[in-house]
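In: Quick one, fold the following:
(one chain, ligands or ions: 2)
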Amino acid sequence: MSRKLAIDLGTSTLQIYAEGKGVVLDEPSVIAVDKYLNKVTLVGREAAELLEREPEGIEVVRPIRDGVISRFSHTVVMLQKFIKKSCGRSLIPPQTVIAVPSIVTDVEEHAVRDAAVSAGLKDPFLIDEPVAAAIGAGIDVTSDKGHMIVDIGGGTTDIAVICLGGAVLSSSVRVAGDEMTAAIIKYVRNKYSLLIGERTAEDAKIAIGSVWRRNDIQTVSITGKSLKSRAPLLTELSSNDMTEALEEPVTRLIEEICAVIEKTPPELVSDIAETGITLTGGGCQIYGLDKLISSITGLPVKTAEDPALCVVIGAGKADEAGLIPERNKTRKY
Ligand SMILES: Nc1ncnc2c1ncn2[C@@H]1O[C@H](COP(=O)(O)OP(=O)(O)OP(=O)(O)O)[C@@H](O)[C@H]1O
Ligand SMILES: [Mg+2]
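Out: Ligands and ions are numbered 1, 2, ... in the order given. Below is the predicted model:
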């Protein structure tokens, strides 16, 4: 039976795909809670506006951490509000596919199912995120040719080798977009004695983030608080600054990719040498990341079209085509 919705419950963004309509919601997975009334007052984009500004009496919460639920009741309310916003009220609980990182504990998996049911969703069906990402990137996951997917989200990077409809090998590391943003904050503090907030650092990363030296150097102006005078200070960051700032987290990320390749059986490695590594997730859009990964692994690397939407589109498409692979316990190492 066909399910009606697909959801990517991400650390940074929550996306909903509706059968026959496509992506109907793409908003930050953030809520604002009135501390006195213990009530969720804002969700998504509106709540994210309050991050780092937290007005008196309001707590701004990210209920998903590192790809898994960290605040159960807040996740339920966030899901309810987003479903209502994107689909309206429905008397029949929508049937749903939910993408989860390939390496989650049984407890984490149960939490996702329970949260979905508590939010009014029927019979939630869980699908491995990398498998969904691969389908969303246009890869024929049912073929016997091996493919490697690297999904770089906000909290985690999922690396998986996919073949015959499932992940043969997978790994999940807590180095992704958020760690890159944190590395920029640290770099600016050390190099320019300037304190900047997460939003400033993330905006700069999205504007000029780069891990490969570029000839056309890009710059962006940022404002922070001087560590010396404590006064507001404006400075300019360049794409070369970004390359230095991002070196450490990106090196860790690539080391993990290399570790997975090392554990991949030789036949599949030779498939990947042909099919290449496909990058998905919002975090893969840093300038030069594909070139850097390719130069270190020696394998072809391509960035998927609309990388940040691959997981949710893939989960929806897998369902529409009736080819959802059962979420199996993939081999951990
Ligand atoms: N153009 C861009 N360049 C660099 N990074 C970007 C860009 N756009 C978004 N990002 C980063 O992508 C990350 C969010 O990606 P995505 O929406 O795929 O994460 P998620 O699915 O919510 O997280 P996770 O998969 O870890 O649970 C954020 O860290 C954001 O800063
Ligand atoms: Mg994700």
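
In: Would you mind listing what in the chain touches ligand 1?
Out: Near ligand 1, the residues belonging to the chain are 8, 10-13, 67, 153-156, 176-178, 202, 205-206, 209, 281-283, 285-286, 308 when assessed by Cβ under 6 Å from any ligand atom. Every residue, glycine included, has its C-beta placed from N, CA and C.

In: Looking at the residues you listed, which are in helices?
Out: Under the assignment DSSP state H, those contribute Gly177, Asp178, Glu202, Lys205, Ile206 to helices.

In: Filter the residues of the chain next to ligand 1 down to the buried ones, ChimeraX style.
Out: A single ChimeraX command is used to select the members of those judged buried by 16 or more other Cβ atoms under 10 Å:
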select :8,10,11,12,13,67,153,154,155,156,176,177,178,202,205,209,281,282,283,285,286,308
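
In: Show me the strands in the stretch 101-250 of the chain, by range?
Out: For the stretch 101-250 of the chain, the strands identified by DSSP state E, counting those that start in this stretch occupy 122-128, 147-152, 157-163, 166-173, 194-195, 219-226, 232-238, in order along the chain.

In: Cys141 and Ala99: what is the separation?
Out: For the record, residue 141 is Val, not Cys. Using Cβ to Cβ, to the nearest Å, one gets 13 Å for the distance from Val141 to Ala99.

In: Ignore what I typed, I meant Ser210.
Out: Note on Ser210: its distance to Ala99, by Cβ to Cβ, is 29 Å.

In: about what we covered before: of the residues of the chain next to ligand 1, which are in range of ligand 2?
Out: Checked against ligand 2 using Cβ under 5 Å from the ion, the residues of the chain next to ligand 1 give the following subset in range: Gly10, Gly153.

In: The stretch 51-200 of the chain against ligand 2: which residues are in contact?
Out: On the criterion Cβ under 5 Å from the ion, ligand 2 has as its neighbours in the stretch 51-200 of the chain the residues Gly153.

In: again, only this time at 8 Å
Out: Within reach of ligand 2 by Cβ under 8 Å from the ion, the stretch 51-200 of the chain has these residues: Gly67, Ala99, Pro101, Glu129, Ala133, Asp151, Gly153, Gly154, Gly155, Thr156, Asp158.

In: want to try a markdown table for those residues, with pLDDT and distance to Gly57 as columns?
Out: Putting these into a markdown table (pLDDT from 0 to 100; distance: Cβ to Cβ, whole Å) gives the following:
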| residue | pLDDT | distance to Gly57 |
| --- | --- | --- |
| Gly67 | 83 | 30 |
| Ala99 | 93 | 35 |
| Pro101 | 88 | 34 |
| Glu129 | 93 | 36 |
| Ala133 | 97 | 39 |
| Asp151 | 98 | 37 |
| Gly153 | 96 | 31 |
| Gly154 | 96 | 27 |
| Gly155 | 93 | 28 |
| Thr156 | 93 | 32 |
| Asp158 | 95 | 37 |
